[in-house]
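> after the sequence you'll find the predicted model.
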Amino acid sequence: MTKNIDPRLIEILTEYGESPNDALWDCHGTWVAYHKAIERIAAKAGVVFDMPQIIEANSAGKTVAIAVSGKMGDRQEWSFGEAAPSNNKNAYPYAMAEKRAKDRVVLKLVGLHGLVYSEEESDDFKPGGAPQEPPHKSSAALKREGAWPAVMEQFHADIQDVKTLMALEAMKASYRAQAKKDGWTTAWLSSLANEFDTFEEKLIEQMEKEDA
């Protein structure tokens, strides 16, 4: 069954002349935006990107991490893009890392972050892409195994060591890789996204106080 679209998502897409039918697809209950649609939105919104910063470049291991900053009027956002064998089957990891970073920045700038993912986030988000391995277990099965409390316990332990936004993005990347490997459910991913967003807001507030 197709998941209902958040009215805010429809409103923002409409603002930039995009139809949900053309810009989105439902990936097993998660709304995903096509990269081309995000590029069109960026152009209409007047998003300008700064020169990207390469954080990690391992050509032999095909592991790349790139930081990208973007501006839209007086607003500015930044994010990472990562590409590694665990999350990318594309033969061009640098290009994929750049796409992922730019898409995340655009979603943040126009207010779509948290409402939709970019199709570049994962090969599994692409229409007709390979199914996730291992298959997702049900939430009930995972809870019976006691997995969710263990995940949250580890999350709260890991987050204590995060003091910078760069460290937070690195932790997000690690949890995304674990989620794909272990087949976490959409409900789990949504809960963790909320945890990360809440912590990020507090971290930014703390950093602003320290800089004042």
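Ah, there it is.
> looks to me like Asp161 is in a helix.
No: assignment of Asp161 by DSSP: H, G, I helix; E, B strand; the rest coil gives coil, placing it outside any helix.
> I'd guessed it sits against Ala167; true?
Yes: checked against Cβ atoms under 8 Å, the pair Asp161 and Ala167 is within contact range at 7.4 Å. No exception for glycine: its C-beta is placed from N, CA and C like everyone else's.
> of those two, which one has the most company?
Ala167 (14 against 8; other Cβ atoms under 10 Å).
> on contacts alone, who are the packing partners of the one helix or strand that one maps to?
Element membership for Ala167 (DSSP states H and E) is helix 165-182. Applying 3 or more Cβ pairs under 8 Å, 6 or more residues apart in numbering; DSSP states H and E, we find helix 165-182 packed against strand 75-83, helix 147-159, helix 186-211.
> ok, now with 10 Å
When contacts are defined as 3 or more Cβ pairs under 10 Å, 6 or more residues apart in numbering; DSSP states H and E, helix 165-182 packs onto strand 53-58, strand 63-72, strand 75-83, helix 147-159, helix 186-211.
> quick one: closest of those to Ile12.
In terms of Cβ to Cβ, the element of the helices and strands packed on helix 165-182 nearest to Ile12 is strand 63-72, at 12.8 Å.
> helices or strands up against the closest one?
Packed against strand 63-72 by the contact rule (3+ Cβ pairs under 10 Å, 6+ apart) you find helix 35-45, strand 48-49, strand 53-58, strand 75-83, helix 93-110, helix 165-182.
> average pLDDT for the helix holding Ala167?
Averaged across helix 165-182, the pLDDT comes to 79.
> could you give the angle of that helix to strand 75-83?
40 degrees (axes from the mean of the first three to the mean of the last three Cα atoms, to 10 degrees).
> follow-up on the earlier one: what's the most buried one of the helices and strands packed on strand 63-72?
Highest mean neighbour count of those: helix 93-110, a mean of 23 (counted as mean count of other Cβ atoms under 10 Å).
> using PDB, write out every CA atom in it.
Taking C-alpha atoms only, helix 93-110 is exported to PDB below (Å, rounded to 0.1, in the frame of the first residue of the first chain):
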ATOM      1  CA  PRO A  93      32.600   6.800  -6.100                       C
ATOM      2  CA  TYR A  94      33.700  10.400  -6.200                       C
ATOM      3  CA  ALA A  95      30.800  11.400  -8.400                       C
ATOM      4  CA  MET A  96      28.400   9.500  -6.200                       C
ATOM      5  CA  ALA A  97      29.700  11.100  -3.000                       C
ATOM      6  CA  GLU A  98      29.300  14.500  -4.600                       C
ATOM      7  CA  LYS A  99      25.700  13.800  -5.700                       C
ATOM      8  CA  ARG A 100      24.800  12.600  -2.200                       C
ATOM      9  CA  ALA A 101      26.300  15.600  -0.500                       C
ATOM     10  CA  LYS A 102      24.700  18.100  -2.800                       C
ATOM     11  CA  ASP A 103      21.300  16.400  -2.700                       C
ATOM     12  CA  ARG A 104      21.400  16.500   1.100                       C
ATOM     13  CA  VAL A 105      22.300  20.200   1.200                       C
ATOM     14  CA  VAL A 106      19.500  21.000  -1.200                       C
ATOM     15  CA  LEU A 107      17.000  19.100   0.800                       C
ATOM     16  CA  LYS A 108      18.100  21.000   4.000                       C
ATOM     17  CA  LEU A 109      18.000  24.400   2.300                       C
ATOM     18  CA  VAL A 110      14.500  24.000   0.800                       C
END
